[in-house]
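Asker: Need a 3D model of the following:
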Amino acid sequence: MTDVKTPPVSKALAVFTHGRKLPIFLGIFAAVLFGVAGFVLYLTTIFPEKTLKESTAVTLGNGIKLGTYSNLHYLYGAAAFVAVIGLVVLVMCVITINLRKNRFELHEDGVVHNAAGKRSYTRFADIQDLYLFAGGQTALGGLVNNFAYRTSPDKEWVLATGGIKGFFDFMDEFRARCVEYRMPVVEQKLADGGKVTFRYLNSGQVYKKRFFGGFLKIKTQELTVSAEGLHVDGVTFRREDLQSVDLNDWTEKVAIKDKAGKTVFSCMSTGILSSDVFVNMIYDQIGQAPQPA
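Answerer: Numbers count the residues shown, from 1 in each chain. Reported below is the predicted structural model:
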């Protein structure tokens with residue numbers, strides 16, 4: 001991602017950062033685990049030597065013998081196991097602390113992203129791809145709790161995760177401003193006789209990402225909108241033949257139909273990059289009033 005100048009605004013309208021509760025909880029949890037590990041090691045100093053040296057044979061259910069171990073071995077093993085878990089939790093704590101350095105400053109016509117001491121500003125009008133997706137424990141339910149944006153396909157994604165405090169307010173404001181500032185750009189391009197290209201993921205890929213992750217590693221297909229109409233897979237559907245845009249919350253799909261009632265394009269709404277801008281463009285094409293969100 002290329003840095004550009006910070007916008008000429010003295011103060012951001014809002015600043016969004018990751019919350020402090022999770023790193024505090026993880027830090028306390030790690031301390032407790034290390035404390036338990038230390039207590040187990042302490043037990044090795046107060047138990048009688050005879051008790052510590054008592055041994056038992058360990059045998060699997062199929063009769064295979066794993067060996068003979070003393071109580072001292074068990075205590076050391078338990079302490080090591082708890083300490084390893086504590087170390088993992090501590091690493092998670094450090095990661096979440098570093099995430100707090102990753103923040104977003106919302107400005108009137110753009111957003112500043114701060115990460116690892118690097119500031120980059122992106123105008124809403126320049127965002128070509130806004131990718132909404134569901135991840136984590138709520139992924140299968142389809143609840144959008146992450147988004148990423150970029151100014152062109154050859155640029156890196158900037159990721160905003162659900163761990164950001166006030167995430168949904170941030171996402172709603174971000175989406176609204178993308179529509180507000182991006183729409184005049186694409187409308188002017190159509191007025192100049194150009195075509196506006198959108199990228200999308202098929203439904204299978206959307207579900208695959210929800211199950212297996214790797215959200216930003218996507219393969220997209222393209223469709224374009226022009227003053228003539230909608231162009232999909234080399235087929236042009238003239239604007240005067242388009243009838244409606246159906247948004248189905250149950251199936252999560254956007255379906256565009258012609259006057260004969262035939263679906264000319266259908267895709268999961270979260271599979272369409274910059275879906276809000278795309279849907280609004282199609283509304284303008286067919287003269288349909290936008291449906292309430």
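
Asker: pLDDT below threshold where in the stretch 101-250 of the chain?
Answerer: Within the stretch 101-250 of the chain, the stretches with pLDDT under 70 are 137-141, 249.

Asker: could you pull out the helices for it?
Answerer: 167-191, 203-212 (DSSP state H, counting those that start in this stretch).

Asker: my guess is Asn98 is in a helix, correct?
Answerer: Yes - judged by DSSP: H, G, I helix; E, B strand; the rest coil, Asn98 forms part of a helix.

Asker: Tally up the residues packed near it, please.
Answerer: Around Asn98 sit 13 other residues, with neighbours defined as other Cβ atoms under 10 Å. Where C-beta positions appear, they are placed from N, C-alpha and C, glycine not excepted.

Asker: do you know how far it is from Pro23?
Answerer: Distance, Asn98 to Pro23, using Cβ to Cβ, to the nearest Å: 9 Å.

Asker: quick one on the thing from earlier: would you list the helices of the stretch 101-250 of the chain in CSV and tack on distance to Asn102 and mean neighbour count?
Answerer: Below are these laid out as CSV (distance: least, Cβ to Cβ, whole Å; neighbours: other Cβ atoms under 10 Å):
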stretch, distance to Asn102, mean neighbour count
helix 167-191, 13, 16
helix 203-212, 22, 15
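
Asker: check which helix or strand covers Ile85.
Answerer: Assigning secondary structure by DSSP states H and E places Ile85 in helix 71-99.

Asker: need the contact list for Leu143.
Answerer: Contacts for Leu143 (Cβ atoms under 8 Å, 6 or more residues apart in numbering) come out as Ala134.

Asker: What of His113?
Answerer: With Cβ under 8 Å, 6+ apart, His113 has these contacts: 102-104, 119-122, 158.

Asker: In ChimeraX, how would I select just the buried ones from the residues you listed?
Answerer: The ChimeraX selection below is limited to those of the contacts of His113 classed as buried (16 or more other Cβ atoms under 10 Å):
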select :102,103,104,120,121,122,158
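
Asker: Under a three-state scheme, what state does Thr44 occupy?
Answerer: helix.

Asker: Tell me how this structure divides into domains.
Answerer: 21-99, 103-286 (automatic domain parsing).

Asker: Packing partners of the helix holding Ile85?
Answerer: Counting contacts by 3 or more Cβ pairs under 8 Å, 6 or more residues apart in numbering; DSSP states H and E, helix 71-99 is packed against helix 21-46, helix 49-53.

Asker: model confidence over it, on average?
Answerer: Mean pLDDT, helix 71-99: 86.

Asker: What angle do helix 21-46 and it make with each other?
Answerer: Interaxial angle, helix 71-99 versus helix 21-46 (axes from the mean of the first three to the mean of the last three Cα atoms, to 10 degrees): 160 degrees.
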